[in-house]
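Let's see this in three dimensions:
(chains A and B)
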Amino acid sequence: DAKTTQPPSMDCAEGRAANLPCNHSTISGNEYVYWYRQIHSQGPQYIIHGLKNNETNEMASLIITEDRKSSTLILPHATLRDTAVYYCIVRLGGNSGGSNYKLTFGKGTLLTVNP
Amino acid sequence: DAGVTQSPTHLIKTRGQQVTLRCSPKSGHDTVSWYQQALGQGPQFIFQYYEEEERQRGNFPDRFSGHQFPNYSSELNVNALLLGDSALYLCASSLELQAGYEQYFGPGTRLTVT
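Have a look, this model is predicted:
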């Protein structure tokens, strides 16, 4: 699985958009980008994933650059409850077999939403 | 729709003892993965069970073993506990046929080894 690089911490004002970057310059063509977050002392929560097209769901939007070497998770209107560690993970998805089953977590980005 | 559940919530054991942690997957899911999360670190993959067999394993010693039952629930067993086994143990479930294989996590079991 490709390695990812994220800033260790970010701040965001409540009500503003939070844009969390992730660098995955060694991503291969069949690897997906996944985002999870972990609120203190809870299990990680799945947010969104994508292959090459931008994706949006009720929680967030995922913007993947055309060369797929980086991506940005966007929380459009951050609230205090969005304070968490956000993990960007790259791995094979779907029916790729081999080592695609596990999620490899790095240290993530601690997002602090301030009132 | 019941999410992933784990038991117990907290556990305190002594070095050398054995422990069993339990996980019930999200309704409709058939695959269970286990992760260990030490304080201040991201979760580390232990192993995954599908069709009652371990199909992938992370870099963990044989003291860590597991089982999956016909109803898809799972157990994680750790023998000869060490102080370094103190961690949050997370269970995640997924559906084999779901293209994204996104995994849904339970709240975890906090294990303290003294």
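
Need the nearest residue in space to the most centrally placed residue in chain A, chain neighbours excluded.
Residue closest to the average C-alpha location in chain A (CA atoms, centre = their mean): A:Trp35, at 3.0 Å. Sequence neighbours aside, A:Ile47 is the residue nearest to A:Trp35 in space, at 4.3 Å (criterion: CB to CB, 6 or more residues apart in numbering or on different chains). (Each C-beta comes from the backbone N, C-alpha and C, glycine too.)

Let me know how buried the one you found is, in neighbour terms.
For A:Ile47, the tally of surrounding residues (other CB atoms under 10 Å in any protein chain shown) stands at 20.

ok, it - contacts?
Residues counted as contacts of A:Ile47 (CB atoms under 8 Å, 6 or more residues apart in numbering or on different chains) are A:Trp35, A:Tyr36, A:Arg37, A:Asn57, A:Met59, A:Ala60, A:Leu73, A:Tyr86.

same check, this time on A:Glu55
Remark: with contacts taken as CB under 8 Å, 6+ apart, A:Glu55 is in contact with A:Ile48, A:His49, A:Ser61, A:Leu62.

quick one: the second one and B:Glu102 touch, right?
Yes: taking contacts as CB atoms under 8 Å, A:His49 lies within contact range of B:Glu102: 6.2 Å.

anything in contact with each of these two?
Here A:His49 and B:Glu102 have A:Tyr34 as joint contacts, going by CB under 8 Å, 6+ apart.

Compare the two (neighbour count), which wins?
Ranked by neighbour count (other CB under 10 Å), A:His49 and B:Glu102 place A:His49 first, with 21 against 18.

Please, which helix or strand holds the more buried one?
Using DSSP states H and E, A:His49 sits in strand A:45-50.

Then B:Tyr35?
strand B:31-37.

Does anything pack onto that strand? Which helices or strands?
Other helices and strands packing on strand B:31-37, by 3 or more CB pairs under 8 Å, 6 or more residues apart in numbering or on different chains; DSSP states H and E, are strand B:44-50, strand B:74-78, strand B:87-94.

what about those, which gets the closest to chain A?
Proximity to chain A (CB to the nearest CB) singles out strand B:44-50 among the helices and strands packed on strand B:31-37, at 4.0 Å.

Show me how far that closest one is from its chain's centre.
Put simply, strand B:44-50 sits 7 Å off its chain's centre (CA atoms, centre = their mean, to the nearest Å).

Pull up the pairing partners for it, direction included.
If you go by DSSP bridges, strand B:44-50 pairs up with strand B:31-37 (antiparallel), strand B:53-57 (antiparallel).

Distance from the longest one to the middle of the chain?
On the basis of CA atoms, centre = their mean, strand B:31-37 is displaced by 4 Å from the centre of the chain it belongs to.

Likewise for stretch B:15-31?
The chain centroid and the centroid of stretch B:15-31 are separated by 5 Å, computed with CA atoms, centre = their mean.

so when I look at A:Glu58, I'm seeing a strand, right?
No: the assignment for A:Glu58 by DSSP: H, G, I helix; E, B strand; the rest coil gives coil, which leaves it out of any strand.

neighbours around it, how many?
Using other CB under 10 Å: A:Glu58 sits among 5 other residues.

now do the one 5 residues further on
Using other CB under 10 Å, the number of residues around A:Ile63 comes to 16.

Tell me the bridge partners for it.
For A:Ile63, the beta-bridge assignment (DSSP bridges) gives partners A:Thr72.

Hmm, it is touching A:Thr72, no?
Yes: under the contact definition of CB under 8 Å, A:Ile63 touches A:Thr72, with a separation of 4.6 Å.
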